[in-house]
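> Kindly return the folded structure for what I paste below:
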Amino acid sequence: MKRLLIILHDLNAGGAEKMMARLAGALVDAGNDVTLLMLTGGGVNIALLDPRVKQVELNSSRSANAVPALAQYLRQNRFDALLAALTHVNVVAIAAAVLSGTLARLHVSERNAFSRDKHVNPSLRVRLAYLLAPLLYRLIPNPVICVSQGVAQDLVETTIARRQDVTIADNPVLDNDFREKTPGCPTHPWLLEKTAPVIVALGRLADQKGFDTLIDAFARLPDRSTRLIIFGEGSLRSALLEQAARLGVAERFDLPGYASDPLAQVAAADCFVLSSRFEGSPNALVEALSTGTPVVATDCPYGPQEILGDGAVAPLVDVDDPEALALVITAELTLPRDRYRQIRIDAAARYMSGRAVQTYLAALLGSQSS
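Numbers count the residues shown, from 1 in each chain. So this is what the prediction gives:
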């Protein structure tokens, strides 16, 4: 049994946080002693954490301020491997590992397109972390774990990181028995009592997710009875509602907030759309495929092309092209819903926890994992 530590900022409602909570449970299932440490603490994804995973909260006011406390914790507690996630947390973890003499056991991970994600958060501390990270990635002994080939390629092509400085491990998105599980009951009334086709999307209401393009495409659909639901919260809520009103589709559009069981909503929908401008490896797309529901995605950097087999599994359209997106959605809604169901489910199977955790163990422990 190996002692493993996962280091995060917190467990708030983000894709990386959700995946790290799932990974922690999968690592326990694989016979390891796992601790998840939060630099600050709390977050809705704590509910997803396996009770066998130990939790530690440093309760720091900011991630950057947690370096001394984290270094002390690492000196006092010996782990076989450490895994940090998200760029600013990676920088904190590297600093603490240097101070505690544990750098040889530290692994960091990048979850998004580095060259694009670095422009999202205007915080000076976060921007400084993005400036420092590539230099540190060249100096640390272990390669950066990236969630997709595209994320690894982006890091190499747009920073000073070299090919030998990166490796790849898939996200543990799905339970091993996902094929046998029956979807839960949807909660949205448009899905409970369906009287018209319903399109569903999931994600933060942020520019990265391209929901403005999706609403534009939705307004172009020839079937004026079709409805669109976007589950998620974020700073663009008002702007998206105003856009829907301006385009005359407000009565057929809804932003109900986060869904406690998003898969139940997607499984009941007629089409799932990923309209992102960039990603790392979009977990929502994999989850949608696992339900068998028809899927459409933008060919954004990075992830959809890998997940959808260059368009062989489901259609890919150019980013920020509402006309093309509308045409493909219309085509998907016209086809029999279950025509390519099994192809979609089979494509999702790559991201089962049992398979993904082995790639992480190989990255974290190397020959020790066998």
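
> Strands of the stretch 151-300 of the chain, start to end?
Along the stretch 151-300 of the chain, counting by DSSP state E, counting those that start in this stretch, strands occupy 166-168, 198-202, 227-231, 253-257, 271-274, 295-298.

> Would you mind giving these as TSV with mean neighbour count and distance to V126 added?
Where you see a C-beta, it was placed from the backbone N, CA and C, and this is true even at glycine. Formatted as TSV, those follow (neighbours: other Cβ atoms under 10 Å; distance: least, Cβ to Cβ, whole Å):
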stretch	mean neighbour count	distance to V126
strand 166-168	19	21
strand 198-202	25	25
strand 227-231	24	26
strand 253-257	17	26
strand 271-274	27	25
strand 295-298	27	26
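
> With distance to A356 as new columns, can these be given to me in CSV?
Below are the strands of the stretch 151-300 of the chain laid out as CSV (distance: least, Cβ to Cβ, whole Å):
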stretch, distance to A356
strand 166-168, 11
strand 198-202, 20
strand 227-231, 24
strand 253-257, 29
strand 271-274, 20
strand 295-298, 20
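
> Make TSV from those and add distance to Q358 and mean pLDDT to it.
Converted to TSV, these look like this (distance: least, Cβ to Cβ, whole Å; pLDDT from 0 to 100):
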stretch	distance to Q358	mean pLDDT
strand 166-168	13	96
strand 198-202	27	98
strand 227-231	31	98
strand 253-257	36	98
strand 271-274	27	98
strand 295-298	26	98
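
> Relative to T334, which of these is closest?
Taking Cβ to Cβ as the criterion, strand 271-274 is the member of those that comes nearest to T334, at 10.5 Å.

> May I have the strands that pair with the closest one, each with its orientation?
If you go by DSSP bridges, strand 271-274 pairs up with strand 198-202 (parallel), strand 295-298 (parallel).

> ok now the shortest one, how far from the chain's centre?
This points to strand 295-298. Relative to the chain's own centre, strand 295-298 is displaced by 16 Å; criterion: Cα atoms, centre = their mean, to the nearest Å.

> Give the next helix or strand downstream of it.
Downstream of strand 295-298, the next assigned helix or strand under DSSP states H and E is helix 304-307.

> residues in contact with that following helix?
Helix 304-307 is contacted by residues 148-150, 274, 276, 279, 281-282, 285-286, 289, 297-299, 311, 313, 316, 347 when judged by Cβ atoms under 8 Å, 6 or more residues apart in numbering.

> and with 7 Å instead?
By Cβ atoms under 7 Å, 6 or more residues apart in numbering, the surrounding residues in contact with helix 304-307 are 148-150, 274, 279, 282, 285-286, 297-299, 316, 347.

> how about the strands of the stretch 151-300 of the chain, which one is nearest A363?
strand 166-168 (5.5 Å).

> and that closest one, what other elements does it pack with?
Where contact means 3 or more Cβ pairs under 7 Å, 6 or more residues apart in numbering; DSSP states H and E, strand 166-168 is packed against strand 144-146, helix 149-158.

> got those as TSV, with distance to D170, mean neighbour count and mean pLDDT columns?
Below are those laid out as TSV (distance: least, Cβ to Cβ, whole Å; neighbours: other Cβ atoms under 10 Å; pLDDT from 0 to 100):
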stretch	distance to D170	mean neighbour count	mean pLDDT
strand 144-146	10	26	98
helix 149-158	10	20	97
